[in-house]
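>>> how would this look folded up:
(chains A and B, ligands or ions: 2)
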Amino acid sequence: MRIIADTGRCVGAGQCVLTEPALFDQSEDEGTIIVLNEAPEGELVEKAREAARVCPGQVLSLEA
Amino acid sequence: MTTAEKHEFPMSRTCPFAPPPAYEAIREEEPVSRVRLPDGWAWVISRHEDVRTVLNDRRFSADRQHPDFPQLVKGEAASRRPDEERMLIAMDAPEHGPARKAVLGEFTVRRLEALRPRIQEIVDGQIDVLLAGPKPGDLVDALSLPVPSLVICEMLGVPYADHEFFQEHTVKVIKQSTPPEERWAAMGAIQGYMADLIAAKEDNPPDDLLGRQIVKLRAAGTYRRTALVNMGLLLLVAGHETTANMISLSTVAFLRNPEQLALIKADPGRTLNAVEEMLRYFTIIDVATARLCVEDIEVGGQLIRAGEGVLALGYSANRDPRAFENPDELDIERGARHHVAFGFGPHQCLGQNLARMELQIVFDTLFRRVPTLELAVDVDELPFKDDANIYGLYELPVTW
Ligand code: HEM
Ligand code: SF4
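Numbering: from 1, shown residues only, chains lettered A, B, ... in the order given. Ligands and ions are numbered 1, 2, ... in the order given. Model (predicted):
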């Protein structure tokens, strides 16, 4: 699975980082998303789905 | 199309643990419908999916100074100042994004984690105050109001000596019962103080939130004192009563549900999920996520036209069975984070991770340090804020 982030829509709420800090971080300056691992596997796949579901900017989409 | 306005908003909660009873009928029968407001009408949006749509679509404006923005208080339009500089919460794109990003770096998950030890100290200090005071004591006074206020004052770099001044005036600003003239006076006093505080930091900007903003905005060539005063005021006010009410209401909910309280006492690893569930369960900001439609759009099968107001009902969305199983049940292990208690879309609460951390620390510390905590009066005697736009408690008498 691949994580696609439309970073222009990010509102910097950090819900993705709260969901899984192994996959996501926020830029220090603007608080916007940094995808640390674009190709999650195993348990992280479910975490990526959860992050996509809670993200208030609907920034994240997942490709099989 | 529904044109008759069956219901009147804002509606009071009749039970502190449930939305106004009419919400369910609206959500199930007429999920997008016209309702009467004190001086007009608006659409209410009641389903989870539709609320998210409204709050994340640019065709809805957050411009609270606009004369057509839906008003929840009679005669409120008269106090609107369309020419005045807007606070972040009332800005739209393209102005909103850069203004929000300028300060977001102060509220990242990682940045806030560094504040944890200091927040813990503040919480411990206020629990000391509670324990040293009379029995029964008021939890609102000793803990709920001071914690968020002390934390944000410290982040902004407000000298400790001035905390009392701030407490006194912000309480006046946020209390519904304050007469309008007194509220304006209190707001004016805080505004004046904030302007002086920022001016004093300009010469040699200190390493606090306001000081760092001065440095950063100057480097970008966009520093204006009035804008930073507005941001400082918003940060001061937005997180104060909200977090305080969540502390008080959740404490009541924990004490009424000892089996759920036992879960977090046994394993503090569960507290963050409990916080999330409390936010959903109470949704203290409900009708405040109002918007003004600026371009025709269909929501939930209903055409909404430019110029019409909408109320995105967060509390209804958070009790929508389409989004949450057994939505009326308090279940701290639910782990459902897709609620809209912090809003949704570009304006979703900027301070949410600070609020989460404060609530988490308060609950872990309060129930550990005061294991015999109990309500000093019956739940139905508690003064709930039935009349306020932000739900909560005026007082919470507790004993131990
Ligand atoms: C449990 C406590 C809190 C709740 C329930 C809450 C709720 C909300 C909601 C629902 C909104 C969105 C309003 C809208 O879309 O019209 C919002 C926005 C905001 N909140 Fe909070 N809030 C809380 C705590 C805080 C704290 C602690 C701070 C800061 C220290 C804060 C600062 C803000 C700011 C600055 C905005 C405006 C963001 C923007 O317009 O981009 N809030 N809050
Ligand atoms: S949850 Fe969404 S909006 Fe928030 S920081 Fe992550 S990507 Fe950005």
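>>> C-alpha only now, for contacts and for neighbours.
Fine.
>>> now residue 61, which residues is it bridged with?
Using chain A. residue A:4 (DSSP bridges).
>>> wait, chain B
Bridge pairing for residue B:61 - DSSP bridges - gives residue B:292.
>>> residues near it, how many?
Residue B:61: 23 surrounding residues under other C-alpha atoms under 10 Å in any protein chain shown.
>>> before we move on, what about residue B:298?
By other C-alpha under 10 Å, 10 other residues sit near residue B:298.
>>> contacting residues for it?
residue B:304 (C-alpha atoms under 8 Å, 6 or more residues apart in numbering or on different chains).
>>> that one belongs to a strand, doesn't it?
Yes. Residue B:298: assigned to a strand according to DSSP: H, G, I helix; E, B strand; the rest coil.
>>> is ligand 1 contacted by stretch B:144-151?
No. In terms of C-alpha under 6 Å from any ligand atom, no part of stretch B:144-151 sits within range of ligand 1; the closest distance is 6.7 Å.
>>> CA atoms only: put that stretch into PDB for me.
Extracted as PDB, the C-alpha positions of stretch B:144-151 are listed here (Å, rounded to 0.1, in the frame of the first residue of the first chain):
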ATOM      1  CA  SER B 144     -10.600  23.600  35.900                       C
ATOM      2  CA  LEU B 145     -10.200  27.300  35.200                       C
ATOM      3  CA  PRO B 146      -6.700  27.900  36.500                       C
ATOM      4  CA  VAL B 147      -5.000  25.100  34.700                       C
ATOM      5  CA  PRO B 148      -5.600  26.100  31.000                       C
ATOM      6  CA  SER B 149      -5.100  29.700  31.900                       C
ATOM      7  CA  LEU B 150      -1.800  29.200  33.600                       C
ATOM      8  CA  VAL B 151      -0.600  27.000  30.800                       C
END
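>>> how close does residue B:378 get to residue B:131?
Distance of residue B:378 to residue B:131, computed by C-alpha to C-alpha, to the nearest Å: 21 Å.
>>> actually residue A:50, not the one I typed
From residue A:50 across to residue B:131, the span is 41 Å (C-alpha to C-alpha).
>>> please enumerate the strands of chain A.
For chain A, applying DSSP state E gives strands covering A:2-5, A:24-26, A:33-35, A:60-63.
>>> quick check, pLDDT for residue B:166.
At residue B:166, the model reports a pLDDT of 81.
>>> which residues sit in contact with it?
Counted by C-alpha under 8 Å, 6+ apart, residue B:166 has contacts residue B:190.
>>> at the contact with ligand 2, which residues of chain A appear?
Residues of chain A lying near ligand 2 by C-alpha under 6 Å from any ligand atom: A:10-16, A:32-33, A:55-57, A:59.
>>> could those go into CSV alongside neighbour count?
Output for those, formatted as CSV (neighbours: other C-alpha atoms under 10 Å in any protein chain shown):
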residue, neighbour count
A:10, 22
A:11, 27
A:12, 29
A:13, 30
A:14, 27
A:15, 24
A:16, 28
A:32, 21
A:33, 26
A:55, 23
A:56, 30
A:57, 24
A:59, 20
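>>> mind checking which of these are in helices?
A:15, A:16 (DSSP state H).
>>> remind me, longest helix of chain B?
Scanning chain B for the helix with the most residues, using DSSP H, yields helix B:180-202.
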